[in-house]
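Asks: sequence unknown, structure follows:
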């Protein structure tokens, strides 16, 4: 079971130690509002790229600012706990910024894993990751699952 780390400075200390031990650090991120198989496959594939998987989870305000929905279904702290419970996840941190730039520049993971709704060229943080010598990887199954689709299905069924 992964650990939820409250402060970026604390997580950075942990990750720096892991790097000194020769571990490969992989970073993934998302809202994970209603956890589904696409999320699990993405996180498992990300973990397969290295030794330590760090997951940034959007807090409620940053999740809704993405414009997909007006509100989240599952509160941020609960989403973080659910993601941390997955066997492939080592560390979880909530973030409030609209992007993960600060997390990437602070932690400098070896690999920034994004889902298949991106290409290596379209990853918004690509230049940041490359600026410190990291790599971008596209992982997971095709984007056939989404929280929005699940919500629509539930509405249709009720």
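Replies: Happy to help now that I have it. This is a predicted model, so every value here is computed, not measured.
Asks: count of residues packed around residue 150?
Replies: As a burial measure, residue 150 scores 15 neighbours (other C-beta atoms under 10 Å). For every residue, glycine as well, the C-beta is placed using N, CA and C.
Asks: now the strand or helix carrying it, how far from the centre of its chain.
Replies: Using DSSP states H and E, residue 150 falls within helix 147-157. Distance, stretch centre to chain centre, for helix 147-157: 23 Å (C-alpha atoms, centre = their mean, to the nearest Å).
Asks: and if you look at stretch 87-103?
Replies: 6 Å.
Asks: got the end-to-end distance for it?
Replies: The separation between the terminal residues of stretch 87-103, taken as C-alpha to C-alpha, to the nearest Å, is 22 Å.
Asks: contacting residues around residue 72?
Replies: Contacts for residue 72 (C-beta atoms under 8 Å, 6 or more residues apart in numbering) come out as 31, 33, 60, 63, 64, 79.
Asks: tell me the least confident of the residues you listed?
Replies: Checking pLDDT across the contacts of residue 72, the minimum falls on residue 64 at 81.
Asks: how close does the residue nearest the centre of the chain sit to residue 154?
Replies: Nearest residue to the geometric centre of the chain (C-alpha atoms, centre = their mean): residue 29, 1.5 Å. Distance, residue 29 to residue 154, by C-beta to C-beta, to the nearest Å: 25 Å.
Asks: and the lowest-mean-pLDDT helix or strand in the chain, what does it pack against?
Replies: When the helices and strands of the chain are scored by mean pLDDT, DSSP states H and E, helix 147-157 comes last with a mean of 77. Helices and strands touching helix 147-157, by 3 or more C-beta pairs under 8 Å, 6 or more residues apart in numbering; DSSP states H and E: there are none.
Asks: buried set for it?
Replies: residue 147 (16 or more other C-beta atoms under 10 Å).
Asks: the residue nearest to the centre of the chain is in what secondary structure piece?
Replies: Residue 29 belongs to strand 25-30, assigned by DSSP H and E.
Asks: next structured bit after that strand?
Replies: Next helix or strand after strand 25-30 toward the C-terminus (DSSP H and E): helix 37-47.
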